[in-house]
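> Attaching a predicted model along with its sequence, questions to come.
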Amino acid sequence: QRLFRNSFLGLFDGPDRNSSTSTRNSSNVPSQALYLMNSEFIKKQSEAFSQRLLDDESGDEQRVFQLFQLAYGRDPDSVELKSLLDFLSRYRTETGSSEKETQQNEKQALIAMCRVVLTSNEFFFID
């Protein structure tokens, strides 16, 4: 509706409701990334994505490969693979120690990893 400004569209360079133009300005500002990282939609999608990885019951390396195949349609390069494996290892080391906490932390680590992938530039743009 032209009468009410949509805050989401304003954040992502939505069209001006009062004029008609053939092109729009576009920008890439931190508030866009922060909005996505903290949005409820991305949170739910990351949880669902991580559950899909957990259901596979494979090791970390296979999960990272599966994550990249599903999200980007390619395998991770060696730097990406090492970075994500290091992240998972650090996450486990720095969090809980009981069996129940370990299972919950494993899921939280995968959720965080999925959230990063789902909000990356490569996920949104085709080069």
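Nice, thanks for sending it over. Residues are numbered from 1 along each chain as shown.
> Buried ones in the top helix by length along the chain, by neighbour count?
Assignment by DSSP state H gives helix 99-118 as the longest helix of the chain. For helix 99-118, a neighbour-count test (16 or more other CB atoms under 10 Å) marks 105-106, 108-111, 113-118 as buried. Placement of C-beta: from N, CA and C, glycine included.
> cool, and stretch 57-70?
60, 63-65, 67-68.
> could I get the buried residues of helix 99-118 as TSV with pLDDT?
As requested, the buried residues of helix 99-118 are exported to TSV (pLDDT from 0 to 100):
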residue	pLDDT
105	82
106	84
108	90
109	90
110	93
111	93
113	93
114	93
115	92
116	90
117	91
118	90
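> Give the burial count for residue 53, as a bare number.
Residues lying near residue 53 (other CB atoms under 10 Å) number 21.
> And the helix or strand it falls within, what does it pack against?
In this assignment (DSSP states H and E), residue 53 forms part of helix 40-55. Judged by 3 or more CB pairs under 8 Å, 6 or more residues apart in numbering; DSSP states H and E, helix 40-55 is in contact with helix 60-72, helix 99-118.
> go with 10 Å
Helix 40-55 is packed against helix 30-38, helix 60-72, helix 99-118, with contacts defined by 3 or more CB pairs under 10 Å, 6 or more residues apart in numbering; DSSP states H and E.
> Turn those helices into CSV, including distance to residue 90.
What follows is the helices and strands packed on helix 40-55, written out as CSV (distance: least, CB to CB, whole Å):
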stretch, distance to residue 90
helix 30-38, 19
helix 60-72, 12
helix 99-118, 9
